[in-house]
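Chemist: Quick one: sequence and predicted model below, then my questions.
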Amino acid sequence: MKTTLEKAPLYTCCTVENINCTSQIKTRLQDLGIIPTTTITPILKSICSDPIAYEVRGTMLAIRNDDAKKISISY
């Protein structure tokens, strides 16, 4: 199923398909290891569901929903 990262169910392994952000944010995400074909798993939602903690390459990262909406995934 294809969707965007903020809609992924908790504990579901997803694969990054594309990043559709401004170049500054895209570069930052790539520096953190989020590139196409990377496996990413939503682990924990904050009280207001923004941000959401994701496991990426063995590290937990918090990503705001505004940025997660620009990351296309499949699972």
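Modeler: Arrived safely.
Chemist: Report how many residues lie close to Pro36.
Modeler: Neighbourhood size, Pro36 [other Cβ atoms under 10 Å]: 12. Where C-beta positions appear, they are placed from N, C-alpha and C, glycine not excepted.
Chemist: I should have written Ala62 there, sorry.
Modeler: Ala62: 12 neighbours (other Cβ under 10 Å).
Chemist: partners of the helix or strand hosting it, with directions?
Modeler: Element membership for Ala62, per DSSP states H and E: strand 59-63. Looking at strand 59-63 with DSSP bridges, its partner strands are strand 52-56 (antiparallel).
Chemist: got a list of contacts for the strand it pairs with?
Modeler: Defining contact as Cβ atoms under 8 Å, 6 or more residues apart in numbering, one finds that strand 52-56 is touched by 5-6, 32-34, 38-46, 60-63, 65, 68.
Chemist: about what we covered before: and the strand holding Ala62, what's buried?
Modeler: Neighbour-count burial for strand 59-63, counted by 16 or more other Cβ atoms under 10 Å, picks out Leu61, Ile63.
Chemist: next one: stretch 25-33
Modeler: Lys26, Leu29.
Chemist: ok, residues contacting it?
Modeler: With Cβ under 8 Å, 6+ apart, stretch 25-33 has contacts from Ile19, Cys21, Val56, Arg57, Thr59, Leu61, Asp67, Lys70, Ile71.
Chemist: Helices - which of the contacts of strand 52-56 land there?
Modeler: Judged by DSSP state H, the contacts of strand 52-56 include Asn65, Ala68 as members of helices.
Chemist: so what pLDDT did the residue of the chain most remote from its centre get?
Modeler: Centroid-distance maximum for the chain: Ile47 at 18.0 Å, with Cα atoms, centre = their mean. Residue-level confidence at Ile47 comes out at 89, pLDDT.
Chemist: I'm done for today, thanks for sticking with me.
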